[in-house]
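*Asks:* Pasted the sequence and its predicted model underneath.
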Amino acid sequence: MAATRRFWHRFLAYRAGAAATIYVLVLVVIAVATQLLSGVDPHQLSNEVMRAPSPAHLLGTDELGRDVLLGIVYGVWVSLTVGFSAALAATVLGVVIGATAGHYGGAFDLIVMRISEVFQVVPSFILAAVIVAMSGPGLTRVVMVIALLAWPQIARLMRGEVIRIKQLEFVDAVRCLGVREWVILATEVIPNAVAPILAAGTLIVGQAILLEAALSFFGLSSADLISWGRMLNSGQRFLFNAWWLSLFPGTAIFVTVLAFNLLGDAIGSALNPRTTR
Amino acid sequence: MQEPLLALDKVTKTFRRSGGSIVNAVRSVSLDIGPGETVALVGESGSGKSTLGRIALGLLAPDSGRVLLAGRCLGDLSAAALRDARIAMQPIFQDASASLNPRRTVRELLAQALRHHRDSVEQRSVDLLDHVGLRPGTEYLLRFPHELSGGQRQRVAIARALAMEPRLIIADEPLSGADVSIRGQILNLLIDIKEEHRVAYLMITHDISIARAFADRVAVMMQGEIVESGPAEAVLHAPTHPYTKQLVAAVPMLDAPTARDREIGDA
């Protein structure tokens, strides 16, 4: 199909987007590999405590003798799981709520949009920290909290798209064929709003990874999982004598969030018919 | 006189601009269309004729006044009954690239209209495409709207409307989206459909020559009101309202034979 070909052409023309795609694919492979491979224990302690980066331990070891590189590799799983599942949950929630609000309007629309404004005004990290602190840590809770904070972005976008699309002529034409309103919403309106939602959803993956890292930095994520945020947390006590404990996990977070942002931008501009590249 | 197929009874619609000013799009308009009759609604852009078309289709509720389809008031019907009732009216819009979902193939677009004929969708689709001049129909089934020319797209939109076996087609500037060179062909197709299917038309147009080629009756709309209406011959040959005179005078060949005597289209 020509539209699909055009999408890939534009997407790949955006170099940073192509690089980000490769990076994310590598992360996915790493995450899956760490779950499938047994025999390697990233929690393995050793006597080689607080070693600087060397050929034996490329990124050094921490205060308990654990390998930093191995920790970062095993931390990919947590970051990606949280990032993808939180973004997916937020997107599904936002699409359903936003589409309903935009299509039916009225009181539901008004209430939902005011609620979404509240979420957007309250500093999300503080709110997330408070909710997790009150309900107790755990990866599932972290995912739920992030989804709860992120859905308004998708809902507002979806609402706007639905309001724009539902008054297009082809929707009226289908309406004249006697098709039910909710079928029109599901089969005509929402599929035509996929492009901007996909771009925004990808950006949320990055936000979710950052928020998860911040929560685990403060000890608010799962205690027995290796995550980049937790590595940062334990590293910051030794910031002046073991810089590698902070620098490498921090870099991993930074590069990954950047990659998802670039990916979101690339998808957004490739799907936007008004961009010419 | 027999009961009109569609009757607009003192229909009024106003819009509020974002600035707060009120636009009287349609002001107390009454218009009847009999079974098999062709009525041209002529007026320049902004005269409210497209709004009137949307009201007639039941896509827009009037502020006051009634729309009667075969004697039943659309405003009194439940959502489900309105859905069932108005399939008797099918729209043909100005720009088929906007009236066909860009993500659907011709086959899918027609299948939406033929969804009550599950087992014969394929055959009926091909027949319809043949009928509107897209031959052979099988060649077009898998195409997307953007893979067709403007005229071909409009033919697909017409095929979809015909699939519903409508009693009334409401065509809003159906020729404006097509190339000048193929407008005649589309107009001929619409005339053929009129004769073959005995379908009634509400033809919304700014072009008085189309009204002349096509219509039994003409209604002239200006600033939301119908200022003159009557049999096409009478209105176009001896207009009484100054606005109609102006419209008629703007078109050359006033004394040329009307379309009924004349071959239009490719010639």
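*Replies:* Received it, and whenever you're ready, just let me know what you need. All values reported here derive from a predicted model rather than from experimental measurement. Numbering: from 1, shown residues only, chains lettered A, B, ... in the order given.

*Asks:* Any residue of the helix or strand hosting A:Thr251 touching chain B?
*Replies:* Element membership for A:Thr251, per DSSP states H and E: helix A:244-271. No. Helix A:244-271 does not reach chain B (CB under 8 Å from any CB of the partner chain); its nearest approach is 12.6 Å. Quick note: C-beta positions are derived from backbone N, CA and C, even for glycine.

*Asks:* Could you pull out the buried residues of that helix?
*Replies:* A:244-250, A:252-253, A:256-257, A:259-271 (16 or more other CB atoms under 10 Å in any protein chain shown).

*Asks:* same for that helix, what does it pack against?
*Replies:* helix A:2-13, helix A:15-36, helix A:68-104, helix A:194-217, helix A:228-235 (3 or more CB pairs under 8 Å, 6 or more residues apart in numbering or on different chains; DSSP states H and E).

*Asks:* Run the chain-centre distance for that helix.
*Replies:* For helix A:244-271, the separation from the chain centroid amounts to 10 Å (computed by CA atoms, centre = their mean, to the nearest Å).

*Asks:* and what of stretch A:123-139?
*Replies:* 17 Å.

*Asks:* now what about that stretch, what contacts it?
*Replies:* For stretch A:123-139, the external contacting residues (CB atoms under 8 Å, 6 or more residues apart in numbering or on different chains) are A:78, A:81-82, A:119, A:141-142, A:145-146, A:148-149, A:211, A:214-215, A:218-223, A:225.

*Asks:* Show me just the buried residues among the residues you listed.
*Replies:* Using 16+ other CB under 10 Å as the burial test, those include A:78, A:81-82, A:119, A:141-142, A:145-146, A:148-149, A:211, A:214-215, A:220-222, A:225 as buried.

*Asks:* and B:Ser97, what element?
*Replies:* Going by DSSP H and E, B:Ser97 is part of helix B:96-99.

*Asks:* next one: that helix to chain centre, how far?
*Replies:* The chain centroid and the centroid of helix B:96-99 are separated by 14 Å under CA atoms, centre = their mean.

*Asks:* Same check on stretch B:143-153?
*Replies:* Its chain's C-alpha centre and that of stretch B:143-153 lie 20 Å apart, by CA atoms, centre = their mean.

*Asks:* Repeat that for stretch B:224-231.
*Replies:* 17 Å.

*Asks:* Show me which residues of the stretch 151-277 of chain A are close to chain B?
*Replies:* Checking the stretch 151-277 of chain A against chain B by CB under 8 Å from any CB, the hits are A:168-170, A:172-181, A:188, A:191-192.

*Asks:* Repeat the analysis, applying 7 Å as the threshold.
*Replies:* A:168-170, A:172-179, A:188, A:191-192 (CB under 7 Å from any CB of the partner chain).

*Asks:* Enumerate the helices of the stretch 51-200 of chain B by residue range, in sequence order.
*Replies:* B:79-85, B:96-99, B:106-113, B:121-131, B:150-163, B:180-197 (DSSP state H, counting those that start in this stretch).

*Asks:* how far away is the closest residue to A:Arg10 other than its chain neighbours from A:Arg6?
*Replies:* Of all residues beyond its chain neighbours, the one nearest A:Arg10 is A:Ala270 (4.0 Å), with distances taken as CB to CB, 6 or more residues apart in numbering or on different chains. Look at A:Ala270 and A:Arg6: by CB to CB, to the nearest Å, they are 8 Å apart.

*Asks:* So for B:Gly150, what pLDDT did the model give?
*Replies:* Looking at B:Gly150, its pLDDT reads 86.

*Asks:* residues touching it, list them.
*Replies:* B:Ala96, B:Gly177, B:Ala178, B:Asp179 (CB atoms under 7 Å, 6 or more residues apart in numbering or on different chains).
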